[in-house]
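> Sharing a model that was predicted from the sequence below.
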Amino acid sequence: VTRQARPQRDVVAVDALGLNRMLVEWYASDNTRASVDDLLAPLVDLGPAAAEEAIRTLQAYLDHQNSPARAAEVLSVHRQTVHYRLNKITRQLGVDLNDPEQRLALQLACRAWLMR
C-alpha cells in the first residue's frame, strides 16, 4: 500500500485575510441575515440596550473559550454577572453552549449582528 504525499499547506492567519471583511461578505447573503435574525430574535426582542448587552456578553464568553472569568474581565463585570446573563441568554435562545455547532453559529451570529 502506497500513500500519496499530501501537499504542504501554509498556515494563514485569519487576521491577514480580514475576519471582519469575511464576515461582512458572509452576512451580505439574504439567507445568512435571516438565519442570524432568527437565531438572535429572542434577544433582539428585549430592546436595543438589553439586546446589545446580551449579545456582547455571549460574544465575550464564546470569544474567550467559554470562560466566564475572562468574559467578566472584558466586560468589566463580576463573574457571577456573566453566569447570570448566560443562564438567561441560553434559556431565551433555547441553546446548548456545550454543543460546538451551536457555539460556532452563535459566535458568528453575534459578531455579524454587532457589526451592523
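Received, thanks. Not measured: the values here are computed from a predicted model.
> backbone phi and psi for L104, please?
Here is the backbone geometry of L104 (degrees, to the nearest 10): phi -60, psi -50.
> Quick check: which ranges of the protein have low pLDDT?
Counting by pLDDT under 70, the chain shows low-confidence ranges at 1-17.
> now the helices for it?
Taking DSSP state H as the test, the helices found in the chain are 14-17, 19-27, 30-44, 48-63, 68-75, 79-93, 100-115.
> With mean neighbour count as added columns, please give these in CSV.
To be clear about C-beta, it is placed using only N, CA and C from the backbone, and glycine gets the same treatment. Shown next, in CSV, are these (neighbours: other C-beta atoms under 10 Å):
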stretch, mean neighbour count
helix 14-17, 8
helix 19-27, 13
helix 30-44, 15
helix 48-63, 18
helix 68-75, 18
helix 79-93, 16
helix 100-115, 17
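> State the distance from the residue nearest to L62 when sequence neighbours are not counted to R70.
Spatially, and ignoring its direct neighbours in sequence, L62 is nearest to Q107 (4.3 Å; C-beta to C-beta, 6 or more residues apart in numbering). Distance of Q107 to R70, given as C-beta to C-beta, to the nearest Å: 14 Å.
> which residues are contacting stretch 59-74?
57, 75, 78-79, 81-83, 86, 97, 103, 106-107, 110-111, 114 (C-beta atoms under 8 Å, 6 or more residues apart in numbering).
> how far does it stretch from start to finish?
End-to-end span of stretch 59-74 (C-alpha to C-alpha, to the nearest Å): 10 Å.
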